[in-house]
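Colleague: Prediction below, plus the sequence it came from.
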Amino acid sequence: QIESLDKSLEDLLTRVDEFVGMLDMIRNDSSQVVNESIPQIYTKATEMRQIYRKIDKLEAFVKMVGNSVSGLEERVIKAETDLGAFPSTFKKILHTISIPSFLNKSSSSRQQTLYEPPVLFKTEDYFPCLNEAPY
């Protein structure tokens, strides 16, 4: 019976040693996570915040350019309707057909407006690195 108890105690001691070894591994891994991985994660998170700010600025720039292009498109459409810009083939067809006088507007009846160039953005204001000379 003593031999059986002795064998059981040895088995139990072996299991306790394995358990202590696993605890040491867990402590080492935990300290490595706390001391090394968390600072690395924090550094990467800080870098990502800078990237997110750049993305936000780029989105704002794209929106501003889109608004500028939309404004220019509206001005072009208005200019085309004001000045009657038709392709030359349509003009020829319309001149060959007799059009009633109320449909045929003369250019003198149109109100001529002075051209005012639109205010455009400068890419260099948003991307200063473009002012530098290439390599």
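Modeller: Great, that's in hand.
Colleague: For the protein, name the helix or strand with the lowest mean pLDDT.
Modeller: Using mean pLDDT, DSSP states H and E, the weakest-scoring helix or strand in the chain turns out to be helix 88-96, at a mean of 57.
Colleague: following that helix, which helix or strand shows up next?
Modeller: helix 123-126 (DSSP states H and E).
Colleague: Now do that next one, average pLDDT.
Modeller: Per-residue pLDDT over helix 123-126 has a mean of 80.
Colleague: I'd like to know which elements it is packed against.
Modeller: In terms of contacts (3 or more C-beta pairs under 8 Å, 6 or more residues apart in numbering; DSSP states H and E), helix 123-126 is not packed against any helix or strand. Heads up, the C-betas are built off the backbone N, CA and C, glycines and all.
Colleague: shift numbering so it begins at 399
Modeller: With 399 as the first residue, the last one maps to helix 521-524.
Colleague: what comes up buried for it?
Modeller: By 16 or more other C-beta atoms under 10 Å, helix 521-524 has no buried positions at all.
Colleague: do the same with stretch 457-469
Modeller: By 16+ other C-beta under 10 Å, stretch 457-469 has no buried positions at all.
Colleague: For it, give me every contacting residue.
Modeller: Stretch 457-469 is contacted from outside by 516, 518, 519, 524, using C-beta atoms under 8 Å, 6 or more residues apart in numbering.
Colleague: quick one: which of the residues you listed has the most company?
Modeller: Neighbour tally across these (other C-beta atoms under 10 Å): the maximum, 14 neighbours, falls on residue 524.
Colleague: Let me see the confidence value for the closest residue to it other than its chain neighbours.
Modeller: Sequence neighbours aside, residue 459 is the residue nearest to residue 524 in space, at 5.5 Å (criterion: C-beta to C-beta, 6 or more residues apart in numbering). pLDDT, residue 459: 91.
Colleague: Can you name the helix or strand that residue 459 falls in?
Modeller: Applying DSSP H and E as the criterion places residue 459 in helix 436-481.
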